[in-house]
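J.: Just the structure for this:
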Amino acid sequence: MSPADIHPEWLGDRSFTRQHGSRFAYVVGEMARGIATPSMVIAAVRAGLMGFYGSAGLRPETIAEGLDEIEAGLGKDAPAWGANLIHSPQQPGYERAVVDLFLDRGVARVSASAFMALSKEIVRYSARGLSRGPDGEIMRTTHVVAKVSRAEVARHFMAPAPQKLLQELVAAGDITPEQAELARLVPVAGDITAESDSGGHTDNRPAGPLFSSLAQTRAEICSAHGLSPDLIRIGLAGGIGTPWAAAAAYQMGAAYILTGSVNQAAIESGLSLEGRKLLAGAGPADIAMTPAADMFEQGVQVQVLKRGTLFAMRGNRMWAIYQSRTGFKDCSPDEQKFIETALGETYAEAWSKTENYMQRTNPAELERAAGDARRQMALVFRRYLFFGAQWAREGEAARTRDFQIWCGPAMGAFNEWVKGSPLEALENRTVKQIAWNLLDGAAHITRMQAMRASGHDIPSSSFVYTPGLFE
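T.: Below you'll find the model as predicted:
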């Protein structure tokens, strides 16, 4: 074999593709609330990729409909796909209902996101698929792919499940004693996705330091628990929108790469055409951090598209007002005018709608807000932030300036790279074309670097890769 023989199928960890049944070590990541649609998952699998359905935040019955569509498109027990399980402590019972659905429907892979520690439900899902094979080896039929941006969170998923949690699950009849025993011998998750500077919820972590931190954590955890490091694969996500970024990830030792923002502009995306047009015009710096709807009061932020919208600016001003005021009546006339302009209605109307919604979905939270004007204002602001994403998905023309579009710098880098090529046109941006160009380009760059490292005189111009359309 010579460096000239490097192919896209060879990038990443072969055990990943064997385990999950994909042709390439490439994941089309889940994008919440159905932006990663069932059709996106189907297209990904048919292109030899692994795909995750963006089921986070959807009602269980809506998720079930999406699973029906995926099964109809790929067939029963098709490999290389899964769905998203998001940690939802603010919605009691939701996480359990989704895990029940996944287990009942035989969803073999779950991408776990927003977990800061293990919950009973993610441990239940992981343990329920464990059994002994004919040769005594431990087999898995439920695979957890944990998305993390901190080593302290990764530790929970890399280690075997805590005995206390397992005992509670056995006592509740959620897993068998044998499954609990096997769960003490293997990691909770066999795949860990290092989430660097991505769209949506992000810690804005640089890819290099994060990946090396997780690699060191894996070594420590495996040594402490007597595990083989080969039981845990580490992939890389965030900022991957060009072949150079993809090649760098694989060269770093990533078992697989995961793309997100660039797929949001694909034709299979659940984002509206108006939202996808805004993404196609973005540059690498056209992004901003703004408060997250689900954790507004805690000051948690998400990374969103800035160009063409006022959402980030309005969200940040709402946060500043929340920090300094005791309620809407305490706001200055200018602040009150800003709030009602952003809401598109009077504050009283917005609170009435918020109150009705919370009464149906989270009456305990509404009760805590009774008589507390500041908490009520936070709920109104959370409603605005929530609807920003919905308006973007639905293409609400009157609210274009309030679109919340989760976006990382990869989107702008991708747009710069494809400018003047067939992929500049939105109608050519399919999951397959995006992925195959990134993979083929990464293989080309890896090949050039291998030749350079082998002593060949390879000029810088040889590292250029121009995208095109694959058959």
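J.: Correct me if wrong: residue 430 contacts residue 44.
T.: No. Between residue 430 and residue 44 there is no contact under Cβ atoms under 8 Å: 10.0 Å. No exception for glycine: its C-beta is placed from N, CA and C like everyone else's.
J.: Those two: who's more crowded?
T.: residue 44 (29 against 19; other Cβ atoms under 10 Å).
J.: Skip the chain neighbours and tell me the closest residue to the more buried one.
T.: Excluding the flanking residues, the one nearest residue 44 by Cβ to Cβ, 6 or more residues apart in numbering is residue 51, at 3.1 Å.
J.: same deal with residue 11?
T.: Residue 11's closest residue in space is residue 250 (Cβ to Cβ, 6+ apart), at 4.7 Å.
J.: so the one you found sits right up against residue 10, yeah?
T.: No. In this structure residue 250 lies outside contact range of residue 10 using Cβ under 8 Å: 9.4 Å.
J.: Look at the two and report which has more neighbours.
T.: residue 250 (24 against 15).
J.: in this protein, what spans have low per-residue confidence?
T.: Along the chain, the model assigns pLDDT under 70 to residues 1-4.
J.: just how off-centre is the helix or strand where residue 123 lies within its chain?
T.: Element membership of residue 123, judged by DSSP states H and E, is helix 120-128. Relative to its chain's centre, helix 120-128 lies at 20 Å (Cα atoms, centre = their mean, to the nearest Å).
J.: measure stretch 98-115 end to end?
T.: Terminal residues of stretch 98-115 lie 15 Å apart, using Cα to Cα, to the nearest Å.
J.: Go through it and flag the buried ones.
T.: Buried residues in stretch 98-115, counted by 16 or more other Cβ atoms under 10 Å: 98-99, 101-103, 107-115.
J.: Name the residues of the host helix or strand of residue 62 that are buried.
T.: Take DSSP H and E as the rule and residue 62 turns out to sit in helix 60-74. By neighbour count with 16+ other Cβ under 10 Å, helix 60-74 contains the buried residues 63, 66-67, 69-71, 73-74.
J.: what helices or strands is that helix leaning on?
T.: The helices and strands touching helix 60-74, judged by 3 or more Cβ pairs under 8 Å, 6 or more residues apart in numbering; DSSP states H and E, are helix 38-46, strand 50-53, strand 81-86, helix 94-105.
J.: what are the pairing partners of the second one, and which direction each?
T.: Yep, that's strand 50-53 we're talking about. Applying DSSP bridges to the sheet, strand 50-53 is found paired with strand 26-28 (parallel), strand 81-86 (parallel).
J.: Go ahead and name everything in contact with the longest one.
T.: Applying Cβ atoms under 8 Å, 6 or more residues apart in numbering, the external contacts of strand 81-86 come out as 30, 32, 36, 41, 44-45, 50-57, 63, 66-67, 70, 74, 95, 98-99, 102, 107-114, 121-122, 125, 143, 145.
J.: For it, list the C-alpha coordinates in PDB.
T.: Output in PDB follows, covering the C-alpha atoms of strand 81-86 (Å, rounded to 0.1, in the frame of the first residue of the first chain):
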ATOM      1  CA  TRP A  81     -29.300   5.000  12.400                       C
ATOM      2  CA  GLY A  82     -30.700   6.100  15.700                       C
ATOM      3  CA  ALA A  83     -32.500   8.900  17.500                       C
ATOM      4  CA  ASN A  84     -31.700  11.600  20.000                       C
ATOM      5  CA  LEU A  85     -32.400  11.400  23.700                       C
ATOM      6  CA  ILE A  86     -32.000  14.800  25.500                       C
END
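J.: Helix 60-74 and that one, what's the angle between them?
T.: 160 degrees (axes from the mean of the first three to the mean of the last three Cα atoms, to 10 degrees).
J.: and the angle for strand 81-86 with helix 94-105?
T.: 160 degrees.
J.: Going forward, the N-terminal residue is numbered 33.
T.: Got it, first residue is 33 now, which makes that one strand 113-118.
J.: Tell me how far strand 113-118 lies from the chain's centre.
T.: With Cα atoms, centre = their mean, you get 9 Å for strand 113-118.
J.: Report the angle between that strand and helix 152-160.
T.: 150 degrees.
J.: Can you report how many residues lie near residue 157?
T.: Residue 157 - counted by other Cβ under 10 Å - has 26 other residues nearby.
J.: Repeat that for the one 3 residues further on.
T.: Look at residue 160: counted by other Cβ under 10 Å, it has 19 neighbours.
J.: Now for it: which residues touch it?
T.: Counted by Cβ under 8 Å, 6+ apart, residue 160 has contacts 135, 174, 206-207, 211.
J.: Okay, domains of this structure per the record?
T.: 35-304, 342-436 (automatic domain parsing).
J.: any chance you could map the strands in this structure?
T.: With strands called from DSSP state E, the chain shows them at 58-60, 82-85, 113-118, 141-145, 162-164, 170-172, 175-180, 223-227, 232-233, 265-269, 289-291, 319-323, 333-337.
J.: who's in contact with the helix holding residue 94?
T.: Here helix 92-106 has contacts from 66, 69-71, 73-74, 77-78, 85, 87, 90, 110, 113, 115, 126, 129-130, 133, 137, 139, using Cβ under 8 Å, 6+ apart.
J.: ok, 10 Å please
T.: 65-66, 68-75, 77-78, 83, 85-91, 109-110, 112-116, 126, 129-130, 132-134, 136-139 (Cβ atoms under 10 Å, 6 or more residues apart in numbering).
J.: Mind giving me the PyMOL select for the residues you listed, buried ones only?
T.: Paste this into PyMOL to select the buried members of these, with burial taken from 16+ other Cβ under 10 Å:
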select buried, resi 65+66+68+69+70+71+72+73+74+75+77+83+85+86+87+88+89+90+110+112+113+114+115+116+126+129+130+133+134+139
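J.: Let's have the strands of the chain in TSV, adding distance to residue 404.
T.: TSV is the format used below for these (distance: least, Cβ to Cβ, whole Å):
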stretch	distance to residue 404
strand 58-60	43
strand 82-85	38
strand 113-118	27
strand 141-145	31
strand 162-164	46
strand 170-172	47
strand 175-180	34
strand 223-227	34
strand 232-233	27
strand 265-269	39
strand 289-291	41
strand 319-323	19
strand 333-337	23
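J.: who wins for proximity to residue 378 among those?
T.: For residue 378, the closest of the strands of the chain is strand 319-323, at 21.9 Å, according to Cβ to Cβ.
J.: what about the nearest residue to residue 109 once chain neighbours are set aside, distance to residue 299?
T.: Leaving out its chain neighbours, the residue that sits closest to residue 109 by Cβ to Cβ, 6+ apart is residue 138, at 7.0 Å. Distance, residue 138 to residue 299, by Cβ to Cβ, to the nearest Å: 29 Å.
J.: Show the contacting residues for residue 472.
T.: Per Cβ under 10 Å, 6+ apart, neighbours of residue 472: 39-40, 275, 278, 497, 499-500, 502.
J.: What segments of the stretch 283-432 of the chain are helices?
T.: 293-296, 305-312, 343-356, 365-375, 379-393, 395-401, 405-426 (DSSP state H, counting those that start in this stretch).
J.: what are the C-alpha coordinates of the third one, in CSV please?
T.: When you say that, I think you mean helix 343-356. Taking C-alpha atoms only, helix 343-356 is exported to CSV below (Å, rounded to 0.1, in the frame of the first residue of the first chain):
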residue,chain,number,x,y,z
PHE,A,343,-32.7,37.2,17.5
ALA,A,344,-29.3,37.1,19.2
MET,A,345,-29.4,40.8,20.0
ARG,A,346,-33.0,40.7,21.4
GLY,A,347,-32.3,37.6,23.4
ASN,A,348,-29.2,39.1,25.0
ARG,A,349,-31.1,42.3,25.9
MET,A,350,-33.9,40.2,27.5
TRP,A,351,-31.3,38.5,29.6
ALA,A,352,-29.8,41.9,30.7
ILE,A,353,-33.3,43.1,31.6
TYR,A,354,-34.0,40.0,33.5
GLN,A,355,-30.8,40.4,35.5
SER,A,356,-31.6,44.0,36.5
